[in-house]
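[1] give the three-dimensional model of this entry:
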Amino acid sequence: MQIARTLSEVQAACVTARGSAGSLALVPTMGALHPGHRALVHAAVASGAATVASIFVNPLQFAASEDLSRYPRDEAGDLAALEASGCALVWMPDVETMYPAGGGTTIVPEGPAENWEGTARPGHFRGVATVCAKLFGQVRPDRAYFGEKDWQQLQVVTRMAADLHLPLEIVPVETIRETDGLAMSSRNRFLTTEERSRARLLYAVLTETARALAPGGAASGPLDAARQTLAAAGFGVDYFALVDGPTLTELGSRIPGARLIAAARLGTVRLLDNIAA
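    Numbering: from 1, shown residues only. Below you'll find the model as predicted:
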């Protein structure tokens, strides 16, 4: 497995890898890898493409109120996990490479980027869209792999690639969960033992709500019940909503392609999850 830390290194390595395998797959990450990330790499490797994983903690995704320095980092562990997963190349740029002095262009997505995380974290999807566009330009992958756990992010990147006619396919990969249903996340490590025990309730309430949604029936009752259940268990519920999967438009009743999305806080940790409705 190669490691590239400069733009010239990654570009040369990508040319060589494409020549050997015929195609390139990219798995963008911010490090602190867990089995969910490894599932993305495994899917990319299984496609037959030479797989490139990027590790970059993107400052443009963090609001002024969010602690960038607190984001977990484990370079040695991440590199070992990627090599064991069959990754061919790891791209590890620094901030100066990604955002050189004098740069004046960012991408401000609309559509699926509006509302939900777009409201809760103003500017977040500007950071996501901008860094992904840069990574796509640097690596020139044929496919890029994103987890369904961050559903809104997946739709934002998919929409951006289509709108800008970027020559790659965005490939979704199913959420990887703990045995009790909690969606795997790098931030789960910050849950206390007691909070971790309660955290499993979020997925349980999502699945229960999905069962309670009758086709064509009003969603308000089951959604209100879900919010009340979570609040009674000590969650700070930012949103719990039924939306159209691709557009994230809020729905009043279940339709084909609908998605239940949720964001709720336990202690210092903000949990995101979603399931098909």
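
[2] show me the contacts for the nearest residue to A4 once chain neighbours are set aside.
    Nearest non-adjacent residue to A4, counting by Cβ to Cβ, 6 or more residues apart in numbering: V10, 3.9 Å away. C-beta here means a position set from N, CA and C on the backbone, and glycine is covered the same way. Listed by Cβ atoms under 8 Å, 6 or more residues apart in numbering, the contact partners of V10 are A4, V52, L89, W91, P93, Q138, V139.

[3] L166 too?
    Contacts of L166 (Cβ under 8 Å, 6+ apart): A133, F136, M160.

[4] distance to G123 and secondary structure for the residues you listed - can I get that in a markdown table?
    Listed next are these as a markdown table, based on distance: Cβ to Cβ, whole Å; DSSP: H, G, I helix; E, B strand; the rest coil:
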| residue | distance to G123 | secondary structure |
| --- | --- | --- |
| A133 | 16 | helix |
| F136 | 20 | helix |
| M160 | 15 | helix |
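
[5] just to revisit the earlier point, list the buried residues for the helix or strand the residue nearest to A4 falls within?
    Secondary structure assignment for V10, by DSSP states H and E: helix 7-21. Using 16 or more other Cβ atoms under 10 Å as the test for burial, helix 7-21 gives E9, V10, A13, C14, A17, R18, A21.

[6] for this structure, just list every one of the helices.
    7-21, 35-46, 75-84, 95-98, 117-120, 124-139, 151-163, 193-199, 201-212, 220-232 (DSSP state H).

[7] got CSV for those, with mean pLDDT and distance to L242 too?
    Listed next are the helices of the chain as CSV, based on pLDDT from 0 to 100; distance: least, Cβ to Cβ, whole Å:
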stretch, mean pLDDT, distance to L242
helix 7-21, 97, 41
helix 35-46, 97, 24
helix 75-84, 97, 35
helix 95-98, 96, 36
helix 117-120, 96, 16
helix 124-139, 98, 21
helix 151-163, 98, 13
helix 193-199, 97, 22
helix 201-212, 98, 8
helix 220-232, 98, 6
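
[8] can you check which of those gets nearest to V171?
    Closest approach to V171 among the helices of the chain (Cβ to Cβ): helix 35-46, 7.0 Å.

[9] just the C-alphas of the closest one, formatted as CSV.
    The C-alpha trace of helix 35-46 is given here as CSV (Å, rounded to 0.1, in the frame of the first residue of the first chain):
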residue,chain,number,x,y,z
PRO,A,35,-16.0,-1.2,10.6
GLY,A,36,-18.3,1.2,8.7
HIS,A,37,-15.4,2.8,6.9
ARG,A,38,-13.8,-0.6,6.3
ALA,A,39,-17.1,-1.8,4.7
LEU,A,40,-16.7,1.1,2.2
VAL,A,41,-13.2,0.0,1.4
HIS,A,42,-14.2,-3.6,1.0
ALA,A,43,-17.0,-2.7,-1.4
ALA,A,44,-14.5,-0.6,-3.4
VAL,A,45,-11.9,-3.4,-3.5
ALA,A,46,-14.5,-6.0,-4.4
